[in-house]
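> Here is my input; please provide its structure:
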Amino acid sequence: MLWFVGTNSSAALLRRMFVIHSLPKHCGFRPVTVEQTSQITRHESPATPFFIGLMVLEMVVGLLKTGSPVLTISDGLTSVSCGMISRIPLLFMRSCELTAYVFVWDRYHLLELPWDSAWTWWLTFVGVDFCYYWVHRIAHEVSIVWAAHQVHHSSEYFNLTTALRQSLTQQFTSWIFYMPLALIAPPTVFAVHIQLNLLYQFWIHTELIRDLGPLEWVFNTPKHHRVHHGRNEYCIDKNYGGILIIWDRIFGTFAEEADKVVFGLVFPINTFEILYVQLHYYLYLWRRSNTFKTIGDKLSTFFKGPSWSPGKLRLGDHVDNPEVTGQEVPHDPSWPLPLQLYVVIHFLLALGTYHDLFENKMMLSQLTVLGMTCYVLLTLTSLGLIMDQRPTAAFLEMLRCVVMVTMQGYGCAKPLLSSLAGPTEVRRPAARFQSNNGDGW
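Have a look, this model is predicted:
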């Protein structure tokens, strides 16, 4: 159950996704430093090709099996855009979880379990999954944390791209719940398992896998996770588990899939505007708190459940939720095919810039990193407005294209075709540099 350092074979990468590795003393595993493990959280996972391959496979199988696509361009691009935005803080800081974990470990750890003991790895595996259960549960039961996590539930579709629909802000609170592990489990082992826990959860976001038999008793599966993403009353606040479903069975938050699951938020947002998807609930909480007069009610708006209101229990109830009939249709406005192609092409261009940014961030100045980050955010926002068909989309897209051409001229963004680089070149005066001895060169 390990991350094979330096092993990038297809078989090893696939085993990582499903958390099925040999124990350290049997696999030639070698220990890694905290700095090396931080690279795992800062750089793209070697499993990314599998993500792409599985998403393509799901689209093909779904089309053959159901006769209709499992996702739409607008929803799929919004999900991937959320995943891109969620990683932007890593350009400017280390992982909150790992940084806090190392701090607590260095100063307060009670035991120093051996890294090469199978018990250390099994204990950390179970510990990380147990902590994830509570991270996830609190994200549904405390409104200010739900404001971050609701991003992941905002899609009305349930497919592998939905797994990438992650929050920009949730990482700033989730680290708190892993700190008890820092008292006993080495940071290197923790860093491996926190990544494996997230990798595992990618494949359970699908409607194509219906039932896995006895595995459903122990593991979190697509069947269980569909319930978690449902807005049916029987689905709300259920099945929080990461890899294991046993925590939900123990703590009374488990529900079997029954009626047709209708996915998404209780009150759908019906937009693809990426910053709105990420941040709208914070604004809602602020406005809602201002409708109350007492300090207690104002604070309760943020720290009690999303369904809470004065006079109700901490988690509130669902009496005000819209009735779910099973006939609901996901938000999918029609838009012209040429416009869809335009959005896809420019999204891929922005994705290329985003990839280059993460690949070369150590060689770029902070100003360049900030400029490229703002360009990526501008592009994702503009494309979201186009998909929403907003009146302001044309003006913002024109502005974005000017920025894009300028960035291509300065080498901060790649053109679609190398032959297009010439016309967009920006002439700059040649700089004259002086060597240390004063000679020009």
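> can you tell me which residues contact the residue nearest the centre of the chain?
Among the residues of the chain, the one closest to the centroid is residue 166, at 2.7 Å (C-alpha atoms, centre = their mean). Shown in contact with residue 166 (C-beta atoms under 8 Å, 6 or more residues apart in numbering): 82-83, 86, 151-152. Where C-beta positions appear, they are placed from N, C-alpha and C, glycine not excepted.
> And the pLDDT for the closest residue to it other than its chain neighbours?
Once flanking residues are discounted, residue 166 sits nearest to residue 86: 3.9 Å by C-beta to C-beta, 6 or more residues apart in numbering. pLDDT recorded at residue 86 is 95.
> I'd say residue 86 and residue 171 touch.
Yes. At 7.5 Å, residue 86 counts as touching residue 171 under the criterion of C-beta atoms under 8 Å.
> Need the contacts of residue 166 in JSON lines (columns: distance to residue 263 and secondary structure).
JSON lines is the format used below for those (distance: C-beta to C-beta, whole Å; DSSP: H, G, I helix; E, B strand; the rest coil):
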{"residue": "82", "distance to residue 263": "15", "secondary structure": "helix"}
{"residue": "83", "distance to residue 263": "18", "secondary structure": "helix"}
{"residue": "86", "distance to residue 263": "20", "secondary structure": "helix"}
{"residue": "151", "distance to residue 263": "14", "secondary structure": "helix"}
{"residue": "152", "distance to residue 263": "11", "secondary structure": "helix"}
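> then stretch 400-415 to CSV, C-alphas only?
The C-alpha coordinates for stretch 400-415 follow below in CSV (Å, rounded to 0.1, in the frame of the first residue of the first chain):
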residue,chain,number,x,y,z
ARG,A,400,-9.0,38.5,-23.1
CYS,A,401,-7.9,37.9,-26.7
VAL,A,402,-5.8,41.1,-26.6
VAL,A,403,-4.2,39.9,-23.4
MET,A,404,-3.6,36.5,-25.0
VAL,A,405,-2.0,37.9,-28.1
THR,A,406,0.3,40.1,-25.9
MET,A,407,1.3,37.1,-23.8
GLN,A,408,2.1,35.0,-26.9
GLY,A,409,4.3,37.8,-28.1
TYR,A,410,6.2,37.8,-24.9
GLY,A,411,6.5,34.0,-24.8
CYS,A,412,4.2,33.6,-21.8
ALA,A,413,1.6,31.7,-23.8
LYS,A,414,1.9,29.4,-26.7
PRO,A,415,-0.1,30.0,-29.9
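> buried ones in it?
Neighbour-count burial for stretch 400-415, counted by 16 or more other C-beta atoms under 10 Å, picks out 400, 403-405, 407-409, 412-415.
> Same check on stretch 341-358?
For stretch 341-358, a neighbour-count test (16+ other C-beta under 10 Å) marks 343, 346-347, 349-351, 353-354, 357-358 as buried.
> that older thread, now list the buried members of the contacts of residue 166.
The neighbour count (16+ other C-beta under 10 Å) marks 82, 86, 151-152 as buried among those.
> Quick check: the two most widely separated of the residues you listed?
86 and 152 (9.5 Å; C-beta to C-beta).
> Overlap of the contact sets of these two?
With contacts taken as C-beta under 8 Å, 6+ apart, residue 86 and residue 152 have 166-167 as neighbours in common.
> which element is the closest residue to residue 235 other than its chain neighbours on?
Taking C-beta to C-beta, 6+ apart, and ignoring the residues beside it in sequence, residue 235 has residue 227 as its nearest neighbour in space, at 4.9 Å. Using DSSP states H and E, residue 227 falls within helix 222-228.
> after that helix comes which helix or strand?
helix 246-251.
> Now do that following helix: distance to the chain's middle.
Put simply, helix 246-251 sits 24 Å off its chain's centre (C-alpha atoms, centre = their mean, to the nearest Å).
> Other residues contacting it?
For helix 246-251, contacts defined as C-beta under 8 Å, 6+ apart pick out 129-130, 133, 218, 224, 238-241, 253-254.
> If you count neighbours, what's buried in it?
Quick answer for helix 246-251 (16+ other C-beta under 10 Å): 246-248.
> Going by distance to residue 198, which of those residues wins?
Of all the buried residues of helix 246-251, residue 198 sits closest to residue 247, with 16.6 Å by C-beta to C-beta.
> The spatially closest residue to residue 83 that is not a sequence neighbour and residue 80, how far apart?
Sequence neighbours aside, residue 164 is the residue nearest to residue 83 in space, at 3.4 Å (criterion: C-beta to C-beta, 6+ apart). Distance from residue 164 to residue 80, counting by C-beta to C-beta, to the nearest Å: 5 Å.
> quick one, which of the two is more surrounded?
Shown here are residue 164 and residue 80; by other C-beta atoms under 10 Å, residue 164 has more neighbours (20 against 17).
> How is the chain divided into domains?
10-251, 337-420 (automatic domain parsing).
> Please identify the most buried of those.
domain 10-251 (a mean of 18; mean count of other C-beta atoms under 10 Å).
> now that domain, how far from the centre of its chain.
That offset, for domain 10-251, works out to 9 Å (C-alpha atoms, centre = their mean).
> Just put the buried ones among the contacts of residue 166 in a markdown table and tack on distance to residue 321.
Converted to a markdown table, these look like this (distance: C-beta to C-beta, whole Å):
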| residue | distance to residue 321 |
| --- | --- |
| 82 | 24 |
| 86 | 27 |
| 151 | 20 |
| 152 | 19 |
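> Let me know the closest of these to residue 201.
Nearest to residue 201 among the buried ones among the contacts of residue 166: residue 152, at 10.3 Å, using C-beta to C-beta.
> How about the contacts made by the residue lying closest to that closest one once chain neighbours are set aside?
Excluding its sequence neighbours, the residue lying closest to residue 152 (C-beta to C-beta, 6+ apart) is residue 165, at 5.4 Å. Contacts for residue 165 were tallied using C-beta under 8 Å, 6+ apart; they are 78-79, 82-83, 151-152, 154-155.
> if we go to 10 Å?
75-76, 78-83, 86, 151-155, 157, 205, 277 (C-beta atoms under 10 Å, 6 or more residues apart in numbering).
> So which other helices or strands are in contact with the strand or helix carrying residue 383?
Element membership of residue 383, judged by DSSP H and E, is helix 366-388. Contacts defined by 3 or more C-beta pairs under 10 Å, 6 or more residues apart in numbering; DSSP states H and E place helix 366-388 against helix 73-86, helix 274-289, helix 337-360, helix 393-409.
> Distance check, residue 88 against residue 220.
Residue 88 is 28 Å from residue 220, where distance means C-beta to C-beta.
> Then residue 411?
Taken as C-beta to C-beta, the span from residue 411 to residue 220 is 45 Å.
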